[in-house]
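Engineer: Build me a model:
(chains A, B and C)
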Amino acid sequence: MPNWPLKTKLSIDLSCKGHHAYSFPKADVPMAPAPEQNCRKSKLNFPELSELSAVRHFTRLSQLNFSIDAGMYPLGSCTMKYNPRVNEVTASQRGFTRLHPRTPAKFSQGALKLMYELENLLGEISGFSRVSLQPAAGAQGEYLGIKMMRACLNDRGEKRNKIIIPESAHGTNGASAAMCGYDVIPLRSNERGLVDFQQLDELTKSGDVAGLMITNPNTLGLFETEIQKICQLIHDRGGLVYCDGANLNAMMGITRPGDAGVDCMHFNMHKTFTTPHGGGGPGCGGLGVSKTLIPYLPVPTVEKIPSGDDEYVFTENSEKSVGKIKDYYGHFLMMVRAYTYIRELGPKGIKKVGEDAVLLANFIRKDLEGHYDIPYPKTCMHEVVLTDKFQIKNGVKTLDIAKRLIDEGFHPPTTYFPLIVSGALMIEPTETESLRMVEEFCTVMKKIAKEAAEENAFEKHFKDRPRNMPFARVNETLAARQLKLTWKDLE
Amino acid sequence: MRYLPLTEEEKTRILKLCGVNNFEELTPNIPNDLRVNGLLNLPPRLSEFELLETLETMSTTNKGAWMQNHLGQGVYDHTCPTWIDQIVGRGEFLTSYTPYQPEVTQGTLQSIFEFQSMIADLYGMEVSNASLYDGATSVLEAVLMAVRTRKNHKPIVYVSEGTYDNTRKILESCLPDMGIEVRTWWADPQSLTSTPESFVNDCDGAPAAIVLQSPNRWGIVEDWSDLKKVADLQDSRSIAYVSHALSLGVFSPPGESDIDIAVGEGQSLGIPPGFGGPHLGLFCCKKADIRQMPGRLVGATEDARGKVAYCVTLSTREQHIRREKATSNICSNQNLMALRAAMYMTSMGPEGMNKIAKGLRSRIFYLRDALQKNFQASGSPHSVVQGELFNELTVLVGPKQSLWVDEKITQAQDQGILIGLEVTVPKRSGYIKGLNIAVTERHYQSHLDKIVEILGEN
Amino acid sequence: MSEIRPELLYTKEHEWIQKTKSPRVFRMGITDFAQSALGDVTFLELPELNQNISQDEVIGSIESVKSVSDLFAPLSGKIIKRNDALLDDPSTVNTSPYNDAWLLEIEISQESELEKLLGPEAYESIAQ
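Structural biologist: Here you go, the predicted structure:
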């Protein structure tokens, strides 16, 4: 982030009357008279900027962001890995960007082929029989998965109204289940940080449980070692198993959720398959399903014509389909990026992704041992959870450690999540970081632990962090108490 | 491998540090019978050169992207200033996470604040969120919000007949899970618009919400004040679905008719068709309802030194805090698309928004008049929709002409033109189907004349 | 260490209850421990006047920037007063949880329910 003073005026405050940055073809037909009724009355309060002013404004804004391209971003559960530049090049090809979704199949064969092949690649990686690419993001994948489970159970004549979700899960799981009309039943973790099998057994005896939403590896970075037994139990009790695929990165090429007996799992293309996070989206979901759920897939699906010579079509012929959850086929341009990534890596690369992600997280686990409390110290997959237990005794909290890291040029880890660990700091280095960079991160973390142990630590080292950034601590309370949501509210 | 820098030596070092001999020992929780044996069955890796060749071949096979394109129904091949592609492509925007740490994400936060400001202004509404997936799912979220805020009404939504098929299908797949029923606000068979007179309340009570789409799926601009009238009959929530954001450059926005919830598709604001996505869902409402609004919101505040700063606010509505009681399960916004839209609107300014809208409307009226003249002169059984239009029209196909649309579509394709899309029309209008044709600023008079030549009868 | 007042009764949901001068009318609020755990309060959702409530039912919520807590009815009865000033300035909950930031007054319908409430010592054991 540059050190020179940055102007952060709003674009509207940079406005100069009569300036503009557009250039579109003028209509060469006679101008139609203005509409007789229904005319816009209010004048738009938009900025008027020349192209340079607009470019400069947004360039300056961009410079106020921390990004993967600028530094290590060890946000646990977010998989902030490198987003390859070549993805951006392939996804900006005219044949993809300017293709209308209703273009007849004979003029969009390349796009159909890409979707068909991506579905197969993802199926092979995850061990599922089929994949729907329709979900716009992971959350919609969850929603679709639960919806398909519900359709399947309805089909069996079962009216079940509960979904079991571990307390360590992402908040989305509960929200998605609720959107399908289910009641959420929380499930405890055991002392090893894994699903409490006994409680699961108890909870499912009632016969009204539609299924389990499990995250594997879970949000503590631990692989659910009893996953097969868990799936078996749920199936024996007439339910189905959903897996939150947020942490698929840790398993790639190593183990496949489909093989463990899971019925469906969403993909987060922006985590596992390097589509850009983009400051919050767009995502790209995808949902892998077992044979049981295939009849309920949303329409349309892409099929290869059996007799054809590499020819593809969309089909809507599915009696039991849950219908549509998203316009058209999903976030196609994100699919192009994910496809590019998988083809670049090949089978060896995919396996190395999973292994290296796990190796680097374990390096952090061992290297920070003794400096920070590690509630589940024996093993971890692609991420490791620390706490502020040692530091808080001296008045330094997780939030302070996070903001202190910013001044050292690192983005903070995920904080206070999972909720079942008090003062959690969840660290995920990802496989694209070099060991050298990870070592530097650990060195800084150890330095901070040392600072936190000093006398008067908070005042000396942690108060008013970040201190070296263009912005100091932002007052989020004020924002919530006095809502200002548009520039009109600032007048 | 260029993205995977860990060497064999470093790997050995880490294993040693962890006190194990191999990767399997490092991951004891994974049962051995679940481990992938060897390598996955994936195609071999490609070098960057090969990758570019492969993807370029796939891209160029999509011939539709090079044809004269009149496909519409919510997605349009508009132009976009090239600087936007380049600045959106800056790594600081592309590779930043959701702005939960406001001190280091002011760029994303301020751009969302500007986006919210301009969308609220465009819609004439008090507040806009930071965006949802697309127009269709925004309608879905709007209905859920409406039902939440009308608990004593019937969980029924009336949707105008002129709403896109896809949007309708999504509502019909998703709303019944929440116990909400979808019914139709029929269109007047002559004008093909939904009016207070054509509204029939057959639900034995007060419906929670009424949805009206404009421009509708036949291309006709509807009247938001009619929506307001119908909703006010029984204190239902009014939901305006603006199918084409640029139309608000000339037409009255929902806010001018005091609509409760106004949503829409923002694809026309600088976002390419992209074979269906990602696009941009827009969502506005009144301040009084803000706690029931779905999706992310950014607010202005200050930093510890008193400098104006921005942060995500009212997060307590969202899934990561309120979990199963959240207003929606959505975690993302369409941030890069919202950023594109903010840049696009900044490029256009008030003048540009008005100019481009006028230009589109002029093109469609030119096409309508030309087609109409031709049909009338030749005594054709077909006609063209009447009333106010924006950038789309529908040719209404006369009786016993069921093959006409297919024939014309094929005929146009042979000349390198994607002439339009078949749409259904109400049987009671006296026509059997429609051919929907869209225009954009890429089209000159000569393109439009070509359409008349293909569709006209000589 | 958060303040616990000896003259009040408590619930395990970190609410306090105080007898008022009028018979059968009790005033309630959230404890110092609760406000400190929540952080800066930004919004309150309180039940309507005259609303009938039953013990342990969710009757509203209190929000801070990054958390939200349900408000439970400590006793069954009817809401007869509501501290509307808090809706405009929720920060009072942080600055004066036991005085200015009383939330509601309830005219109770079942006196026997009072036995289920906690005394200051019992509450102290859970408020840490």
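Engineer: Please report how far the closest residue to chain C within chain B lies from residue B:103.
Structural biologist: Closest contact between chain B and chain C, by CB to the nearest CB, is at residue B:316 (4.5 Å). In this view, the C-beta of every residue, glycine as well, is placed from N, C-alpha and C. Distance, residue B:316 to residue B:103, using CB to CB, to the nearest Å: 21 Å.
Engineer: so what's residue A:257 up against?
Structural biologist: By CB atoms under 8 Å, 6 or more residues apart in numbering or on different chains, the contact set of residue A:257 is A:126-128, A:216, A:227, A:243, A:245, A:248, A:251, A:265, A:288.
Engineer: Filter these down to the ones in helices?
Structural biologist: Among these, the members falling in helices are A:126, A:227 (criterion: DSSP state H).
Engineer: which ones among the contacts of residue A:257 are found in strands?
Structural biologist: A:243, A:265, A:288 (DSSP state E).
Engineer: Adding pLDDT, neighbour count and distance to chain C, write the residues you listed out as a markdown table.
Structural biologist: Below are these laid out as a markdown table (pLDDT from 0 to 100; neighbours: other CB atoms under 10 Å in any protein chain shown; distance: CB to the nearest CB, whole Å):
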| residue | pLDDT | neighbour count | distance to chain C |
| --- | --- | --- | --- |
| A:243 | 97 | 28 | 28 |
| A:265 | 97 | 30 | 29 |
| A:288 | 98 | 30 | 33 |
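Engineer: Closest to the mean position in chain C, which residue would that be?
Structural biologist: Nearest to the geometric centre of chain C sits residue C:29, at 2.6 Å (CA atoms, centre = their mean).
Engineer: excluding its backbone neighbours, what's nearest that residue?
Structural biologist: Counting by CB to CB, 6 or more residues apart in numbering or on different chains, residue C:29 lies nearest to residue C:102, which is 4.6 Å off, once chain neighbours are set aside.
Engineer: ok, now which ones touch the one you found?
Structural biologist: Going by CB under 8 Å, 6+ apart, residue C:102 touches C:18, C:27-29, C:83.
Engineer: Need these in CSV (columns: secondary structure and pLDDT).
Structural biologist: Shown next, in CSV, are the contacts of residue C:102 (DSSP: H, G, I helix; E, B strand; the rest coil; pLDDT from 0 to 100):
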residue, secondary structure, pLDDT
C:18, strand, 95
C:27, strand, 96
C:28, strand, 96
C:29, strand, 96
C:83, coil, 96
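Engineer: per-residue pLDDT, the residue in the stretch 201-350 of chain B that chain A sits nearest to?
Structural biologist: Relative to chain A, the nearest point of the stretch 201-350 of chain B is residue B:276 (2.9 Å; CB to the nearest CB). As predicted, residue B:276 sits at a pLDDT of 96.
Engineer: before we move on, what about residue B:66?
Structural biologist: pLDDT at residue B:66 comes out at 98.
Engineer: is it true that it touches residue A:93?
Structural biologist: No. Using CB atoms under 8 Å, residue B:66 is not in contact with residue A:93; the gap is 11.6 Å.
Engineer: Which of these two has more residues huddled nearby?
Structural biologist: residue A:93 (21 against 14; other CB atoms under 10 Å in any protein chain shown).
Engineer: Could you find the closest non-adjacent residue to that one?
Structural biologist: residue B:59 (3.7 Å).
Engineer: show me what contacts the one you found?
Structural biologist: Counted by CB under 8 Å, 6+ apart, residue B:59 has contacts A:90, A:93-96, A:110, B:65.
Engineer: and what of residue A:458?
Structural biologist: Contacts of residue A:458 by CB under 8 Å, 6+ apart are A:394-396, A:400.
Engineer: Now residue B:126: closest residue in space that isn't a chain neighbour?
Structural biologist: Going by CB to CB, 6+ apart, residue B:126 has residue B:287 as its nearest residue, at 4.6 Å.
Engineer: swap that for residue A:473, please
Structural biologist: residue B:304 is the one closest to residue A:473 (CB to CB, 6+ apart), at 4.5 Å.
Engineer: For burial, what's the neighbour tally of that neighbour?
Structural biologist: 16.
Engineer: So which elements touch the helix or strand of chain B with the lowest mean pLDDT?
Structural biologist: When each helix and strand of chain B is scored by mean pLDDT, DSSP states H and E, helix B:319-322 comes last, with a mean of 83. With contacts defined as 3 or more CB pairs under 8 Å, 6 or more residues apart in numbering or on different chains; DSSP states H and E, helix B:319-322 has these neighbours: helix A:171-179.
Engineer: I'd like the next helix or strand past the helix it packs on.
Structural biologist: From helix A:171-179 onward toward the C-terminus, using DSSP states H and E, the following helix or strand is strand A:183-187.
Engineer: Just checking the distance from the next helix or strand along the chain from that next one to the centre of its chain.
Structural biologist: Reading on from strand A:183-187 to the C-terminus, the next helix or strand found by DSSP H and E is helix A:197-204. Here helix A:197-204 is found 29 Å from its chain centre; the criterion is CA atoms, centre = their mean, to the nearest Å.
Engineer: average pLDDT for helix A:197-204?
Structural biologist: Averaged across helix A:197-204, pLDDT comes to 96.
Engineer: Nice, that's everything, thank you.
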